[in-house]
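Asks: Below: sequence and its predicted model.
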Amino acid sequence: MPTLVLSGARSRVERELVRRWAESTYGDDPVRVVPDDGRELAGALDGAGPDTTVVPVRVVWPPAERDSSDSPALTDLLSLSARRRTLRHAHARVRGWSDARGRVVAGDAATLAQLRREGDRELGSPDGAGFVAFVRRRATLACDRAERRLTGDRYKVPRLMAEQIVASAAVRERAAALAGELDLSVDEVLTRTSSCLTEMAAVQSPPAIEAFRSVMSPLHRRAWELDVDTTSLGDLREQGRARPLVFLPSHRSYADPLVLAEVLHAHDFPRNHVLGGNNLAFWPLGTLGRRAGIVFIRRSFGDDAVYKFAVREYFGHLLDKRFNLEWYIEGGRTRTGKLRPPKYGLLRYLVDAADQLPGDSPGRDPLLVPVSLHYDQLHEVGALAAEQGGAGKKAEGLGWLAGYMRDQQRRIGSARIRFGEPIALREALRDAGEGSAQLEKVAFRVCLGINRATPVTPTSVVTFALLGAGGRALTFEQVRDVVAPVQGLLADEPATGDLDTDDGVAETLDRLVSVGVVERFDGGPQTVWSIGPDRHHVAAFYRNGVLHHLLNRAVLEMALLAVVDSGRELAHDEVLEASWEAALALRDLLKFEFFFPRKREFRDELLAELDRLAPGWAGTPASAGGAAALLGQADLLVAPRTLLPFVESQWVVATVLADHAGALEDRGPFLDACTGLGQQWWRQQLLQGADVVSRELFTTALRAADNRGLLGADATPQARAAWRDEVAAVRDRLRRAGRREGELRADVFGGVPGAAQQ
């Protein structure tokens, strides 16, 4: 059977290596070596019979063996760069290289008849210049796969992306439909699509990946020690060989993509296609990042239907070829330390792209992977906190990058990376059911997975304790005594660090002092610690990282307090139902602040929490007094510190909205008014803490108001006042719980009740 060796050699040395390989592989069998130049290849294909076997080959110059987690060395970059046309002529003369270093790799072979059938299916034609380009693309991709068997999956890179997409018959068919809608020609739509793809598509190359790792490593390597739970990574990597993975991490830092990329690189995952805003596409980040897997997408598509079409087709191509994706479902970095409400736009493009793939494509059912990125401390948290008080966001640019890199040179603890339970997209869509809320339910399921994977850190527990001290400075013994019951409540949650020992508490306090979050005063007989002046937003950022682990307990406390407030005599089942109704009302009030599971699962979790609070609770007398007795078994009430900041933010917004006449059309001045009222109330000590005055919290509260139909012109003053009064009632209950907590902790706070209230 005749053989056609399609050679990707780019230098005299490489051509000689391919010739030797062909002689040793095929011996006396009829074989012809043809360069993959279009003109010579076209002639060879025209003269070949249908049974001719086409074998694509490439010469690879692999770098020396190194640990995958090591920083790339200059020799590695030069070796990898030898694939580039501009360096091929010089590689044999580079010190330390020789012909023996070059390796010829062969991609999967196919007969010419098979290639013509596949070309006909993809292109709609088995002949002509389009077919020659198709064969060249197939050869490139086949050699890429063969090369990965030598270098590892971490160098899986896409090639010829825009060309493959636009050449597809299925894409041209969909482009024709869009052209009809826009009253354009098909060629015009395809040309504009190709331009959009060139603008956004990541053109990865191994040298660029290694250069990007080297250049960007100062942004994270010195700041944090990586703490990775690798338990599920082996299974996840295997699943990624059969279907594409879509990593959906929490977003806390600019360094998040760099940290996650290092973890995946060290465990031999292919490079993710990381979707980011084009505000970061400035030189050199944009130039290098695009070649290392970053997909810079416009922050707003507007009404550009062709751009939207290009994004959907790009997603579909990546899914079909099993390239992994990554984006940040919150849409931006959290300013409060807890997950922001998810954005659904990119998830919609993912679903649409998967739906239009053939039934046998692995991309029809990608695996969504929740990822928790959690840091002991962040250098940038001060700027994030300042934005909550109304400060403007500093524009990204070269000067900003230099300053950020300078800040990141000091070690500030650990970066903790945890992978949640993967979610099959098709299963998630089925479970969510049809309807307008389908994507929202899938996104919330991802966010629940992130929260459940997020570990409890010493920093979050200590700030939780100190912010509950009402502004008082605490001795070491007081800090330890406040931390202990919180630790007890979190015993079943994933945790890192050690607060069970005095050394662990002291180390955490010292770390918070070193970054100015906590003040240490040594001028008296005893050393005391307190949240530093104007650092409440920063402390709240760290505290909020633990709140989702305490959410069920806080809701249960509030539900039981609602039964106590009713004063009614109730049967056992009535106590449960009354508590459940109160829990659902609170869930509805806070559903834009926290991620709650589905109602049935939520009820089961609350009952399990009740079992922890009061084992044998079924024997408690059924009445308001019985509910009070259940609460009396708690040695710590967490609801005030967990929920009050968010309820009081809603209270501020609801108060301003109740005084607002007509539809709310311009949110900027409205948020300014909320900030002004919040700052006034904080100075009057009417709010739990300075962190209540937060534009991000106010914005979320506006979403809750919008969900209740309170922002439009048809919203009545009575409806707005009713919402304000509902929020005020919950706030009052939380304040009373705070006073009760102060009584419980009176021994810790020196016998002064109410210390936990503020």
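Replies: Received the coordinates, thanks.
Asks: Give me the phi and psi for the residue nearest to the spatial centre of the chain.
Replies: Nearest residue to the geometric centre of the chain (CA atoms, centre = their mean): P249, 2.1 Å. Note on P249: backbone dihedrals following degrees, to the nearest 10 are phi -90, psi 160.
Asks: Now do the SS call for W529.
Replies: At W529, secondary structure determined by DSSP: H, G, I helix; E, B strand; the rest coil is strand.
Asks: Find me the pLDDT at it, would you?
Replies: Note on W529: pLDDT of 95.
Asks: per-domain residue ranges of this protein.
Replies: What automatic domain parsing lists as the domains of the chain is 3-151, 197-453, 640-744.
Asks: What ranges does the stretch 301-450 of the chain have for its strands?
Replies: Secondary structure of the stretch 301-450 of the chain (DSSP state E, counting those that start in this stretch): strands at 325-326, 367-375, 414-419, 423-424.
Asks: so which of the ones you listed gets nearest D691?
Replies: Closest to D691 of the strands of the stretch 301-450 of the chain is strand 367-375 (CB to CB; 18.5 Å). Using the backbone N, CA and C atoms, a C-beta is placed for each residue, glycine as well.
Asks: how about that closest one as PDB, C-alpha atoms only?
Replies: Extracted as PDB, the C-alpha positions of strand 367-375 are listed here (Å, rounded to 0.1, in the frame of the first residue of the first chain):
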ATOM      1  CA  LEU A 367     -18.500  18.800  33.100                       C
ATOM      2  CA  LEU A 368     -18.800  21.900  35.200                       C
ATOM      3  CA  VAL A 369     -16.200  22.000  38.000                       C
ATOM      4  CA  PRO A 370     -16.800  24.300  41.000                       C
ATOM      5  CA  VAL A 371     -13.400  25.600  42.300                       C
ATOM      6  CA  SER A 372     -12.900  27.400  45.600                       C
ATOM      7  CA  LEU A 373      -9.900  29.800  45.600                       C
ATOM      8  CA  HIS A 374      -9.400  31.000  49.200                       C
ATOM      9  CA  TYR A 375      -6.500  33.000  50.600                       C
END
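Asks: Could you list every helix and strand in contact with it?
Replies: Other helices and strands packing on strand 367-375, by 3 or more CB pairs under 8 Å, 6 or more residues apart in numbering; DSSP states H and E, are strand 245-249, helix 256-266, strand 414-419, strand 423-424, helix 425-432, helix 438-453.
Asks: Strand partners (parallel or antiparallel) of that strand?
Replies: strand 245-249 (parallel), strand 414-419 (antiparallel), strand 423-424 (antiparallel) (DSSP bridges).
Asks: pLDDT on that strand, on average?
Replies: 96.
Asks: quick one: it to helix 425-432, angle?
Replies: 90 degrees (axes from the mean of the first three to the mean of the last three CA atoms, to 10 degrees).
Asks: could the strands paired with strand 367-375 go into CSV alongside mean pLDDT?
Replies: CSV is the format used below for the strands paired with strand 367-375 (pLDDT from 0 to 100):
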stretch, mean pLDDT
strand 245-249, 97
strand 414-419, 94
strand 423-424, 97
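Asks: Same list (these) but as CSV, adding distance to L178.
Replies: As requested, these are arranged in CSV below (distance: least, CB to CB, whole Å):
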stretch, distance to L178
strand 245-249, 25
strand 414-419, 38
strand 423-424, 30
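Asks: Quick check: which of these is nearest to L631?
Replies: Of the strands paired with strand 367-375, nearest to L631 by CB to CB is strand 414-419, at 33.0 Å.
Asks: now the strands of the stretch 301-450 of the chain in TSV, with distance to W682 and mean neighbour count?
Replies: Putting these into TSV (distance: least, CB to CB, whole Å; neighbours: other CB atoms under 10 Å) gives the following:
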stretch	distance to W682	mean neighbour count
strand 325-326	39	24
strand 367-375	27	23
strand 414-419	32	23
strand 423-424	41	18
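Asks: I'd like to know which of those lies nearest to H548.
Replies: Using CB to CB, the nearest of the strands of the stretch 301-450 of the chain to H548 is strand 367-375, at 10.6 Å.
Asks: Figure out how far that closest one is from the centre of its chain.
Replies: 6 Å (CA atoms, centre = their mean, to the nearest Å).
Asks: quick one: that strand to helix 256-266, angle?
Replies: Going by the same axes, to 10 degrees, strand 367-375 makes 120 degrees with helix 256-266.
Asks: Pull out the buried positions in stretch 207-222.
Replies: Applying a neighbour-count criterion of 16 or more other CB atoms under 10 Å, the buried positions in stretch 207-222 are 207-217, 219-221.
Asks: Low-confidence stretches in the chain?
Replies: By pLDDT under 70, the low-scoring segments of the chain are 38, 63-100, 124-129, 151-160, 284, 388-393, 570-573, 618-623, 745-758.
Asks: Tell me where the longest helix sits in it.
Replies: helix 717-744 (DSSP state H).
Asks: What is that one packed up against?
Replies: Against helix 717-744 (3+ CB pairs under 8 Å, 6+ apart) you get helix 547-566, helix 572-589, helix 639-658.
Asks: let's see it at 6 Å
Replies: Applying 3 or more CB pairs under 6 Å, 6 or more residues apart in numbering; DSSP states H and E, we find helix 717-744 packed against helix 639-658.
Asks: next helix or strand past the helix it packs on?
Replies: Heading C-terminal from helix 639-658, the first helix or strand you meet, by DSSP states H and E, is helix 667-683.
Asks: Distance of L644 relative to L325?
Replies: 38 Å (CB to CB, to the nearest Å).
Asks: Spit out the contact partners of D36.
Replies: L6, G8, R136, A139 (CB atoms under 6 Å, 6 or more residues apart in numbering).
Asks: Nearest spatial neighbour of the third one, chain-adjacent residues omitted?
Replies: Excluding its sequence neighbours, the residue lying closest to R136 (CB to CB, 6 or more residues apart in numbering) is D36, at 5.5 Å.
Asks: Can you give me the distance of the one you found to R138?
Replies: In terms of CB to CB, D36 sits 11 Å off from R138.
Asks: Check the spacing between the residue lying closest to S253 once chain neighbours are set aside and D256 real quick.
Replies: Among residues not flanking S253 along the chain, L378 sits closest, at 5.6 Å (CB to CB, 6+ apart). For L378, the distance to D256 equals 10 Å [CB to CB].
Asks: R731 too?
Replies: According to CB to CB, R731 and D256 sit 34 Å apart.
Asks: Tell me which residues touch F602, please.
Replies: F596 are the contacts of F602 under CB under 6 Å, 6+ apart.
Asks: so it is in which element?
Replies: Going by DSSP H and E, F602 is in helix 599-613.
Asks: Could you check the angle the next helix or strand after that helix makes with helix 717-744?
Replies: Counting by DSSP H and E, the next helix or strand C-terminal to helix 599-613 is helix 624-632. Taking the same axes, to 10 degrees, one finds that helix 624-632 is oriented at 60 degrees with respect to helix 717-744.
Asks: Pull out the buried positions in helix 624-632.
Replies: A624, G626, A627, A629, L630, L631.
Asks: measure the closest residue to the fifth one other than its chain neighbours to D732 for me?
Replies: The spatially closest residue to L630, leaving aside those adjacent along the chain, is A614, at 4.7 Å (CB to CB, 6+ apart). Applying CB to CB, one obtains 25 Å for the distance of A614 from D732.
Asks: Neighbour count for these two, which is higher?
Replies: A614 (18 against 13; other CB atoms under 10 Å).
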